[in-house]
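Visitor: This is the structure alone, sequence omitted:
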């Protein structure tokens, strides 16, 4: 405490309150971050971490409370004001212009030099110097769309550093990275704090907190629960603080008999939205009562694979036989009618109609079935009945079935999607990022639902960027890299490091050798 | 020390019907205020102008019947546009679809020789089909080739205008019309009945009211209407759930273009009894109906009310021309202002803006 009095905190938030309609996002939150530390903000989704940091970055104004930088009260009215106070933020979803080059993105919005002209040489020198110092190698002349996600993140960090940020907010920075890229990122962050920067690191992953942070502040339901030294804590203690109860880390996965083969994918090729090859000869089999996990860094063909198997994208070559039907040549409607469930990557953008009610969203695929058909009309009574059943069974919490989907939390939206997709006891389930962005409670429930489906005998293709999730749920793990299968391993004896190397492009044989 | 005034903008959950109504009203009031400035600039008191308009449109039997006469095409077109907009298709081409409907009706009236009692039904069916076909072209272009609907529908208006011009100056020019660019007058069997002493061609009005009810039920209660709403609210979800956006787009435009065609039948068979210059046939109903549908928030039933309101405004244009000596075109200025404020007010639907001093905790 004595030291605190002498050296003011780099960042101090006092009694910050932020209300949104119907939600108290931050409830008198106190946060004190020391200069030169990596300070984690740990909490479930909806705990208020991102809101709090958006207040610090000037994107939101607090309803109450004070902001102090180096002991002085400030008001930060915009991100521009935040940058003037040397605060930078790397958002979870990057804010880059894909068609511009790295250096153009970095200087975008800056007014330096004289007149309207850019000064490419000086810019490039500074970028190269920063990149070299902090291990953020990236080609300044490359267009952003050509970069991998990990490289794009480096550009975002460079953007902040170029603006002389000395307080860097990182919002869930690891969710899109391979284990190796995460290591590199952590290395960079350590170099930055060694140079005197202060880093606030938002995450809900306990392992990251343990590995990278000096201190951690736990948020729960908008309140700051405690700030503690990371070294004094165990993972279980942190988890308990975060969730408010004990957490089981391993979920019980019953052994099931692997059943008949339900899907045989042979030499599948497809292109991405830009017309470039995205799947390059993918082959695998899926059996009834099995979860096959698809691991890989995002953008290596997982998305295209899920779309081809659900009729949303044409395959350019190859077959995907579900019994006698070739999914590669079927429409989305035909595939849905074959009893294939699809939990899509973007549950809000694709999986629901946000402005329509829960009831209508629940019949998005079954509205043509005899159950809901009354001549040319929709049978509203049947829809209401089935909605109340689904809401009960899947614990969708909402005032009533007329609530618009956009007013639901992420967890409830995903419960809605699952309720709809799993209602007809599908034999094949494509689940893409089913727990992405969900809180621990919803995640546990949704994983259990998938395991129940497996027990019932469905074959499940689980696509996820959460490697822990893949390892915990899957029976076998397939690693995709650059549209090709790097290898298929049994989850029971999966080696995370080996999978990580495959995700980075090494074939299994090479790894083993 | 006083606290500075704060403006706070928050996302609003789904706006209630009351809020939507209030915001729409606000947009109209704002347009009235700004249009008032134009009246003042012409040296006419805005209060006097609005008073004259209201009196002229609603203050006498003639006023009301003329208002309804203006309302009829706006109603019929507005319903179709409400459906097209629901399906996320921006049909700016109702003007052209109306003209094509008018051409079809004129062709049937002048040259088909269909016996008397069947003549008018045949004209309505022909006008609907012709408008539907004209409307389906940009829908197919969008569904199959991804060509921008705003541009194609707008451009097809000009094609339709020139087809009418060509017909009345060329092949259909009436030998009995002493060199004027009109077609011959329709035979009496092809003239719509009107309410005695008015220009209200009631069959078209009845068709419009019926269409409003049917379209409302169609969009809100049927399975096909469900598909239209899914496509309109979230095309990605439509694709995901196996709904064909192409099919729905074309279907919505068949209905939208068809209804605009019916409005064209009403104008030539109910008012003019001949094919004549495009500006006389329509006076921009196809464009004004865009605002009608938008103000109705794409609800076909609400179009009944908003088309009446715009009937008043168009009738008001006649009034200010006669009693105040102002150009009729001021109506277009006013319509433009309403659309401007209406679109501008969309943000109020999605966000709540609070202005005030911060309350000390």
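Guide: Received the coordinates, thanks. Bear in mind that the values here come from a model prediction, so they are computed numbers and not experimental data.
Visitor: make it CA atoms for all contacts and neighbour counts henceforth
Guide: Fine.
Visitor: Next, count neighbours for the closest residue to residue A:396 other than its chain neighbours.
Guide: In space, residue A:396 comes closest to residue A:412 once its chain neighbours are excluded; the distance is 5.3 Å by CA to CA, 6 or more residues apart in numbering or on different chains. Residue A:412: 20 surrounding residues under other CA atoms under 10 Å in any protein chain shown.
Visitor: need the contact list for residue A:412.
Guide: A:395, A:396, A:397 (CA atoms under 8 Å, 6 or more residues apart in numbering or on different chains).
Visitor: from these, which is closest to chain B?
Guide: residue A:397 (16.5 Å; CA to the nearest CA).
Visitor: still on that earlier bit, and the residue nearest to residue A:396, how close does it get to residue A:347?
Guide: Residue A:412 sits 11 Å away from residue A:347 when distances are taken as CA to CA, to the nearest Å.
Visitor: What parts of the stretch 251-400 of chain A come near chain B?
Guide: By CA under 8 Å from any CA of the partner chain, the residues of the stretch 251-400 of chain A that approach chain B are A:312, A:331-334, A:336, A:349-355, A:364-365, A:367-368, A:373, A:376-378.
Visitor: Would you tell me which one of the contacts of residue A:412 comes nearest to residue B:146?
Guide: Closest to residue B:146 out of the contacts of residue A:412 is residue A:396 (38.0 Å), distances taken as CA to CA.
Visitor: Tell me who's in contact with that closest one.
Guide: A:390, A:412, A:413, A:415, A:416.
Visitor: Could you do residue A:508 as well?
Guide: Contacts of residue A:508 (CA under 8 Å, 6+ apart): A:486, A:487, A:498, A:502.
Visitor: what's the distance between it and residue A:479?
Guide: From residue A:508 to residue A:479 the distance is 9 Å (CA to CA).
Visitor: Now for the two: what residues contact both?
Guide: Joint contacts of residue A:508 and residue A:479 (CA under 8 Å, 6+ apart) are A:486, A:487, A:502.
Visitor: Report whether the helix or strand containing residue B:206 contacts chain A.
Guide: Element membership for residue B:206, per DSSP states H and E: helix B:202-221. Yes - among the residues of helix B:202-221, residue B:221 lie within reach of chain A under CA under 8 Å from any CA.
Visitor: elements contacting that helix?
Guide: Packed against helix B:202-221 by the contact rule (3 or more CA pairs under 8 Å, 6 or more residues apart in numbering or on different chains; DSSP states H and E) you find helix B:61-86, helix B:223-233, helix B:245-267, helix B:300-323.
Visitor: avg pLDDT for the third one?
Guide: Helix B:245-267 shows a mean pLDDT of 97 in the predicted model.
Visitor: What ranges does the stretch 51-200 of chain A have for its helices?
Guide: Under the criterion DSSP state H, counting those that start in this stretch, the stretch 51-200 of chain A contains helices at A:79-84, A:102-107, A:120-134, A:149-162, A:179-194.
Visitor: what residue ranges in chain B are flagged as low confidence?
Guide: The model of chain B has pLDDT under 70 over residues B:1-11, B:13, B:356-361.
Visitor: need the residues of it near chain A, please.
Guide: So far as CA under 8 Å from any CA goes, chain B lies against chain A at B:10-14, B:221-224, B:230, B:233-234, B:236-237, B:239-243, B:361.
Visitor: Just the buried ones from those residues, in ChimeraX syntax?
Guide: To isolate the buried members of the residues of chain B next to chain A in ChimeraX, using 16 or more other CA atoms under 10 Å in any protein chain shown:
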select /B:12,14,221,222,223,224,230,233,234,236,237,239,240,241,242,243
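Visitor: Lowest-scoring secondary structure element of chain A by mean pLDDT?
Guide: Every helix and strand in chain A was compared by mean pLDDT, DSSP states H and E; the lowest is helix A:2-6, with a mean of 52.
Visitor: And chain B, is the following helix or strand past it touching that?
Guide: Downstream of helix A:2-6, the next assigned helix or strand under DSSP H and E is strand A:11-20. Yes - using CA under 8 Å from any CA, strand A:11-20 reaches chain B at residue A:20.
Visitor: just checking, next helix/strand downstream of strand A:11-20?
Guide: strand A:23-33.
Visitor: Give me the mean pLDDT for that next one.
Guide: 90.
Visitor: And for stretch A:43-55?
Guide: On average, stretch A:43-55 scores 85.
Visitor: Show me the contact partners of it.
Guide: Contacts of stretch A:43-55 (CA under 8 Å, 6+ apart): A:18, A:25-26, A:41-42, A:60-62, A:76, A:169, A:171, A:202-204, A:218-223, A:242-243, A:437-440.
Visitor: hmm, try it at 7 Å
Guide: A:25-26, A:41, A:60-62, A:202-204, A:218-222, A:242, A:437-440 (CA atoms under 7 Å, 6 or more residues apart in numbering or on different chains).
Visitor: go on, stretch A:208-226?
Guide: Against stretch A:208-226 from outside (CA under 7 Å, 6+ apart): A:24-30, A:37-44, A:46-49, A:186, A:227-230, A:241-242.
Visitor: hmm, which of those are the buried ones?
Guide: By 16+ other CA under 10 Å, those give A:24-30, A:37-44, A:46-49, A:186, A:227, A:230, A:241-242 as buried.
Visitor: contacting residues for the nearest residue in space to residue A:320 that is not next to it in sequence?
Guide: Nearest residue to residue A:320, sequence neighbours excluded (CA to CA, 6+ apart): residue A:265, at 4.2 Å. By CA under 7 Å, 6+ apart, residue A:265 lies in contact with A:283, A:284, A:285, A:319, A:320, A:321.
Visitor: want to try JSON lines for these, with neighbour count and secondary structure as columns?
Guide: JSON lines is the format used below for the contacts of residue A:265 (neighbours: other CA atoms under 10 Å in any protein chain shown; DSSP: H, G, I helix; E, B strand; the rest coil):
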{"residue": "A:283", "neighbour count": "16", "secondary structure": "strand"}
{"residue": "A:284", "neighbour count": "15", "secondary structure": "strand"}
{"residue": "A:285", "neighbour count": "13", "secondary structure": "strand"}
{"residue": "A:319", "neighbour count": "21", "secondary structure": "strand"}
{"residue": "A:320", "neighbour count": "24", "secondary structure": "strand"}
{"residue": "A:321", "neighbour count": "18", "secondary structure": "strand"}
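Visitor: my read: residue A:322 touches residue A:263, true?
Guide: Yes - Residue A:322 lies in contact with residue A:263 (CA atoms under 7 Å); the separation is 4.7 Å.
Visitor: Now for the residue nearest to the spatial centre of chain B: which residues touch it?
Guide: A centroid search over chain B (CA atoms, centre = their mean) returns residue B:289, at 1.5 Å, as the residue closest to the centre. Contact analysis of residue B:289 by CA under 7 Å, 6+ apart lists B:74, B:77, B:78.
Visitor: out of those residues, which are buried?
Guide: B:74, B:77, B:78.
Visitor: Show the contacting residues for the last one.
Guide: It stands for residue B:78. Contacts of residue B:78 (CA under 7 Å, 6+ apart): B:289, B:290, B:292, B:293, B:303.
Visitor: now those as CSV including secondary structure?
Guide: Putting the contacts of residue B:78 into CSV (DSSP: H, G, I helix; E, B strand; the rest coil) gives the following:
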residue, secondary structure
B:289, helix
B:290, helix
B:292, helix
B:293, helix
B:303, helix
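Visitor: State the distance from the residue in chain A sticking out farthest from the centre to residue B:223.
Guide: Relative to the centre of chain A, the most outlying C-alpha is that of residue A:375, 43.0 Å out, by CA atoms, centre = their mean. Applying CA to CA, the value for residue A:375 to residue B:223 is 9 Å.
Visitor: ditto for residue B:171
Guide: 46 Å.
Visitor: Contact partners for residue A:103?
Guide: Contacts of residue A:103 (CA under 7 Å, 6+ apart): A:124, A:140, A:141.
Visitor: Understood, closing this out.
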